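*Asks:* Here is my input, please return the structure:
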Amino acid sequence: MIAFIAAAPLPHACAASAPLACRKRPARVAACVNASAEAPSSLGAPMPDVSDAASNGVAAAAPQLYERNGRVFEELTWPYVSQLAARLVDELKGGRWDLVLAVTRGGLVPAALLAEGLGVRNVLAATVMFYTDNGDVFYGLHQPRFLAFPSAALLQGRRVLVVDDVWDSGRTARAVRERVARSGAQKVAVAVLHFKHESSQAGRPEFFAATTDRWVLYPWELLAVEHVKK
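*Replies:* Residues are numbered from 1 along each chain as shown. As a prediction, this is how the structure comes out:
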């Protein structure tokens, strides 16, 4: 059982206004910025201070900031990601979900956390190629390309929660959501950890935990970063 850090309820993700959001993962990170990190905010409201998790004795360290070519990256810790996931779980508990569909690769860990928190045992994956690890579109691609996707029989009549790490342009998540709907799902919604408001080309996700104007580096991506450094 995965333990979530307690979090204050998150306002509904479809509020009319939202601040800046985030970019996807860089392949490499350089010098650290000697500054304190500003916690992500959700729908304009400051996120609770996760460094004070006295309710369960777990300290969710604030994100670290790094600078690369004049751009600031936001490196998240596992406890901090758990805080974001807990906020999503609080929102999603109001609905009933038959299965969680993870968008690979970024959505695999968030999907596992949400499925655990919601008690959903049916977890599937959609493998979609569109962006590189640097956030650039793969050469020659004009729209997301599906490499693997659950059969319609697994989705038909089900209430499906599509999960990814970040909604940047939103085109990948939207393509997955539309294909799930075409497969005959009874209900489909998208949940992400971060929503990038200004770069979105496809509306917005139904649920998101936070927005930020920085490039976000998730803890599961640090393995790739360390590999590159070696």
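
*Asks:* Kindly state the beta-bridge partners for Phe195.
*Replies:* For Phe195, the beta-bridge partners are Trp167 (DSSP bridges).

*Asks:* In this structure it contacts Pro205, no?
*Replies:* Yes: Phe195 lies in contact with Pro205 (Cβ atoms under 8 Å); the separation is 5.9 Å. Glycine gets a C-beta too; all of them are placed from N, C-alpha and C.

*Asks:* next helix or strand past the lengthiest helix in the chain?
*Replies:* Longest helix in the chain, counting residues (DSSP state H): helix 78-92. Using DSSP states H and E, the helix or strand that follows helix 78-92 in sequence is strand 99-104.

*Asks:* in that next one, what's buried?
*Replies:* Under the neighbour-count criterion of 16 or more other Cβ atoms under 10 Å, strand 99-104 has 99-103 buried.

*Asks:* So what would you say the end-to-end distance of stretch 152-171 is?
*Replies:* 21 Å (Cα to Cα, to the nearest Å).

*Asks:* Pull out the buried residues from it.
*Replies:* 155, 158-171.

*Asks:* now the chain, which segments are flagged as low pLDDT?
*Replies:* 1-60, 130-142, 199, 201-202, 224-230 (pLDDT under 70).

*Asks:* Now do the helices in it.
*Replies:* Under DSSP H, the chain gives helices at 78-92, 108-118, 152-155, 171-182, 222-229.

*Asks:* gap between Ala85 and Asp164?
*Replies:* Here the criterion is Cβ to Cβ, to the nearest Å. By it, Ala85 lies 13 Å from Asp164.

*Asks:* got any residues that touch both of the two?
*Replies:* Common contact partners of Ala85 and Asp164 (Cβ atoms under 8 Å, 6 or more residues apart in numbering): Pro110.

*Asks:* Quick check: buried residues in the longest helix of the chain?
*Replies:* 79-92.
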